[in-house]
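*Asks:* next comes the sequence, and after it the predicted model I'd like to discuss.
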There are 2 protein chains.
Amino acid sequence: MEMNDLVIISVDDHITEPPDMFDKHLSKEHLATAPKFGVDENGKNFWTYQGMFMPSVGLNAVVGRPLEEYGMEPNSLEEMRQGVYNVDARVGDMNVNGIAASLNFGTVVGFDGGRFHKAPDKALALIHLRAYNDWHIDEWCGAHPGRFIPCGILPTWDMDATVAELKRIAAKGCTAVSLNENPTTQGLPSIHNAYWEPLWKAVADLDITICLHIGAGNPAPHASAETPIEAWITTMPMSCSVGAADWLQLSAFERYPSMKICLSESGIGWIPYFMERADFSHSRHKAWTHSSFQGKKPSDIFKKHFMSCFIDDAFGLDNLKYLNEDLIAYECDYPHSDTLWPEVPEFLWKTLKGLTDVQIDKITHLNAMNYFNFDLFKHNKREDLTVAALRAQAAAAGVDTTPKSAGGESPLAAGEEPRRITSGDLMKMFAHHAEKAKAAG
Amino acid sequence: MEMNDLVIISVDDHITEPPDMFDKHLSKEHLATAPKFGVDENGKNFWTYQGMFMPSVGLNAVVGRPLEEYGMEPNSLEEMRQGVYNVDARVGDMNVNGIAASLNFGTVVGFDGGRFHKAPDKALALIHLRAYNDWHIDEWCGAHPGRFIPCGILPTWDMDATVAELKRIAAKGCTAVSLNENPTTQGLPSIHNAYWEPLWKAVADLDITICLHIGAGNPAPHASAETPIEAWITTMPMSCSVGAADWLQLSAFERYPSMKICLSESGIGWIPYFMERADFSHSRHKAWTHSSFQGKKPSDIFKKHFMSCFIDDAFGLDNLKYLNEDLIAYECDYPHSDTLWPEVPEFLWKTLKGLTDVQIDKITHLNAMNYFNFDLFKHNKREDLTVAALRAQAAAAGVDTTPKSAGGESPLAAGEEPRRITSGDLMKMFAHHAEKAKAAG
């Protein structure tokens, strides 16, 4: 195998929702109360919904810029690459990056649909959440059959509605849902509460994979406002270990042995240590904690029920023998600042080279196909989905990858000399961005 | 080499301070205002100081009990093994466990001396903090020359006093200090603030190692009150990654190239991933973050300035080539519930077996000796400090390791049937323990 033969599925990418997302999926009456996209007098975009104001239309959607501008927050669709919000342009960007298929999370709705959880009128929120799913599954993913793995969101504040919505989207062919990894941060019972039992049963019955994206529930902590932001970027993926340990204790795995969890944007190199530590903790403490893992070790349960994924992780791949090689997948994280677009194949190939062809196929696409019940080769032939074939398509279509300066809010004050950017700078930038947009909007 | 030939230094253990700790180190006047040890009418112990009430005299000091009682909080010295608070008994417990030397953190004073930071009268706090250092260095460590690596605490709320105290304890032969890994949690400036410059200069000048014990600064998060406590036990050591990433960005390493940090109770198996992730984050983001590492990679800085340590970490030791093998050490964590006492040599030998004799000697004692400027063989001959020799001493002295039921507060309510213990149960137990002690005290 060589780099150009790779067939790559990414199980973690993001969409900035386009202004017309709800137009085809709501009645006139419900469209009137749906989230509204706006443009202020300075050309900045924002969304408003049920009294909430969301200026971060394309949170960290910095793909395609020079690296110097990766910390600048885009303020409008014009400041983003078109592939961020337009599905045809997105497929072009996937092609040029050798990505055969992609699973996407929303932005303004929250990775986990959290926006609708914050809405005071939950009856309306349910209607609009369903419209989001319709748009995401039918319009976005449906536009290019076989190129997207749909991922729905659920109205988990209402368990009956949740199960009904799960059944509805499953009937449309949706095989994944994104949940908040820590629903107590949304005011809901913890995942260990009987409240969730109908959902666990439903995902098992319908063979749906639960995606838990980092940052949606448990915090990714900043040590201090003066801490250089690179520290936070470094530890952000590992912060999902708190959620991973929490879910690993879920007694539902005993009752629903087919339950599937995907730790979206987790990284993999820390996981062998984590599993060993979970086994140690259980062996030394079970006499008083009374935790139980069906008579097995926590690592056995992790290896059975948890997929993890990586952007660039040589150490993790060097230690594949400690992991379940059937539950490791690739993620591109387009259009966020960690993405290696448009050079994913080059980076990936370097770290895959020590593996067998069978392992490479599993990690690049077979595992994702299997875990998400996604038939990559139903609509497109395998030979048309390799890195070489997709890049040839992109070349024919003239996809331009030249870095382009794109503007947006800078973490530095106007005219300030470059200096180490801190967590506090980022927090201030977001606050300032929100204030300015609100004042002008 | 075989197990009995190992010479083991532990760089992370704990002392429950004895009632008479201040008696020999304060004037009558200052003794009157020092932390006071008390016994309530139910026989429970507590400390009081400057209006604060501290019922957890031996936080998690459960060594020597049957594993079923590892979650029960000791309420009095009587409910603990004598080695927890008595230095002669401690040396017996070290001998029977094959531990040649040990670095200890305090309990009632806080791992980092945090108790004195919380005291309203800082002039008194400084006097009592100095007395703690005198007790710790002269009385506890001094009782058995060559068996303890002293570790001081500092009045970091006052930088002049901090530098003066550092010089004072360094002159006594103390080569380590314990700091809060995140001083912003104590209301002090972050470690990136110029406030700390005199301390960085002083530790470099005096060749002192800074110990950052997990749990003293950045939180080790519980996902929810309903989360089984084993989840928290699993991720607690890894929670130090937030502090590690913060300190890794310290620009002082450039000005003080001999600065030494020890991540106490860190574990090691996650660190190769962490370093790779730090390198990735820097390479992809430095164009806008302006972080800098003297033209090197973050992993180069980590490998130069950070010691990490482990209790039981087969995966980390299997991946020693990714770490700096000169900065890995063992930790016993006596008397806390993760400790493998009295079977450390048996557990350790299993995970060391794949290493060379040179590597084994480094990890078991040479690295700690070097990093802490501690001459293990000054007062005792090497052949008297091996596992075999120490255990022979313990046998001659009749050190009894039979697990003994020891009482204390249970996370279960009186008469409650055994069930999975949660984070909330532990929080309730501590709250109840504090309430009962306060009411009775």
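*Replies:* On my side now, so go ahead.
*Asks:* separation between A:P221 and A:G215?
*Replies:* From A:P221 across to A:G215, the span is 11 Å (C-beta to C-beta, to the nearest Å). The C-beta positions use only the backbone N, C-alpha and C, and glycine is treated the same way.
*Asks:* so what sits against both of the two?
*Replies:* Common contacts of A:P221 and A:G215, defined by C-beta atoms under 8 Å, 6 or more residues apart in numbering or on different chains, comprise A:S239.
*Asks:* more neighbours: which of those two?
*Replies:* A:P221 (22 against 17; other C-beta atoms under 10 Å in any protein chain shown).
*Asks:* leaving aside the residues next to it on the chain, what's closest to the more buried one?
*Replies:* Once flanking residues are discounted, A:P221 sits nearest to B:V242: 5.2 Å by C-beta to C-beta, 6 or more residues apart in numbering or on different chains.
*Asks:* got the contact list for that neighbour?
*Replies:* B:V242 sits in contact with A:221, A:223, A:231, A:235, A:239, B:218, where contact means C-beta under 8 Å, 6+ apart.
*Asks:* angle of whatever helix or strand it lives in against helix A:241-248?
*Replies:* For B:V242, the host element (DSSP states H and E) is helix B:241-248. For helix B:241-248 against helix A:241-248, the angle by axes from the mean of the first three to the mean of the last three C-alpha atoms, to 10 degrees is 170 degrees.
*Asks:* mind listing the helices for the stretch 1-150 of chain A?
*Replies:* Along the stretch 1-150 of chain A, the segments classed as helices by DSSP state H, counting those that start in this stretch run A:28-32, A:87-96, A:114-118, A:122-134.
*Asks:* for chain B, find the nearest of those.
*Replies:* Closest to chain B of the helices of the stretch 1-150 of chain A is helix A:114-118 (C-beta to the nearest C-beta; 16.3 Å).
*Asks:* list the contacts of the lowest-mean-pLDDT helix or strand in chain A.
*Replies:* Scoring the helices and strands of chain A by mean pLDDT, DSSP states H and E places helix A:423-440 at the bottom, with a mean of 83. Helix A:423-440 has contacts (C-beta under 8 Å, 6+ apart) with A:40-42, A:44, A:46, A:53, A:55-56, A:71, A:73, A:75, A:222-229, A:231-232, A:409-412.
*Asks:* surely A:C211 and A:C262 touch.
*Replies:* Yes - at 4.7 Å, A:C211 counts as touching A:C262 under the criterion of C-beta atoms under 8 Å.
*Asks:* the least confident helix or strand of chain A: which residues count as buried?
*Replies:* A:423-426, A:429-430, A:433-434, A:436-437 (16 or more other C-beta atoms under 10 Å in any protein chain shown).
*Asks:* quick check: mean pLDDT of stretch A:223-230?
*Replies:* Computed over stretch A:223-230, the mean pLDDT rounds to 97.
*Asks:* what about the residue nearest to A:H30 when sequence neighbours are not counted, how many residues nearby?
*Replies:* Of all residues not flanking A:H30 in the chain, A:I127 sits nearest, at 5.2 Å (C-beta to C-beta, 6+ apart). Counted by other C-beta under 10 Å, the residues lying close to A:I127 total 19.
*Asks:* sorry, back to before: between the contacts of B:V242, which is nearest A:P155?
*Replies:* Of all the contacts of B:V242, A:S239 has the smallest distance to A:P155: 26.3 Å, by C-beta to C-beta.
*Asks:* so the closest one: helix, strand or coil?
*Replies:* What DSSP: H, G, I helix; E, B strand; the rest coil gives for A:S239 is helix.
*Asks:* what's the burial count for the spatially closest residue to it that is not a sequence neighbour?
*Replies:* The shortest distance from A:S239 to any non-neighbouring residue, by C-beta to C-beta, 6+ apart, is to A:A220 (4.0 Å). Residues within reach of A:A220, counting by other C-beta under 10 Å, total 16.
*Asks:* cool, the one 5 residues further on as well?
*Replies:* Taking other C-beta under 10 Å as the neighbour definition, A:A225 ends up with a count of 15.
*Asks:* with A:K321 instead?
*Replies:* By other C-beta under 10 Å, the residues close to A:K321 number 7.
*Asks:* ok, now A:Q393?
*Replies:* Residues near A:Q393, counting by other C-beta under 10 Å, number 17.
*Asks:* and the gap between it and A:S266?
*Replies:* Between A:Q393 and A:S266 the computed distance is 31 Å (C-beta to C-beta).
*Asks:* write a PyMOL command that selects only the buried members of the contacts of helix A:423-440.
*Replies:* Command for PyMOL that selects the buried part of those, burial taken from 16+ other C-beta under 10 Å:
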select buried, chain A and resi 40+44+46+55+56+71+73+75+222+223+224+226+227+228+229+231+232+409+410+411+412
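*Asks:* near chain B too, which of the contacts of helix A:423-440?
*Replies:* Filtering the contacts of helix A:423-440 for proximity to chain B by C-beta under 8 Å from any C-beta of the partner chain leaves A:71, A:223-229, A:231-232, A:411.
*Asks:* any chance of JSON lines for those, columns distance to B:I137 and secondary structure?
*Replies:* Shown next, in JSON lines, are those (distance: C-beta to C-beta, whole Å; DSSP: H, G, I helix; E, B strand; the rest coil):
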{"residue": "A:G71", "distance to B:I137": "47", "secondary structure": "coil"}
{"residue": "A:A223", "distance to B:I137": "30", "secondary structure": "coil"}
{"residue": "A:S224", "distance to B:I137": "31", "secondary structure": "coil"}
{"residue": "A:A225", "distance to B:I137": "36", "secondary structure": "coil"}
{"residue": "A:E226", "distance to B:I137": "33", "secondary structure": "coil"}
{"residue": "A:T227", "distance to B:I137": "33", "secondary structure": "coil"}
{"residue": "A:P228", "distance to B:I137": "35", "secondary structure": "strand"}
{"residue": "A:I229", "distance to B:I137": "40", "secondary structure": "helix"}
{"residue": "A:A231", "distance to B:I137": "33", "secondary structure": "helix"}
{"residue": "A:W232", "distance to B:I137": "37", "secondary structure": "helix"}
{"residue": "A:P411", "distance to B:I137": "46", "secondary structure": "coil"}
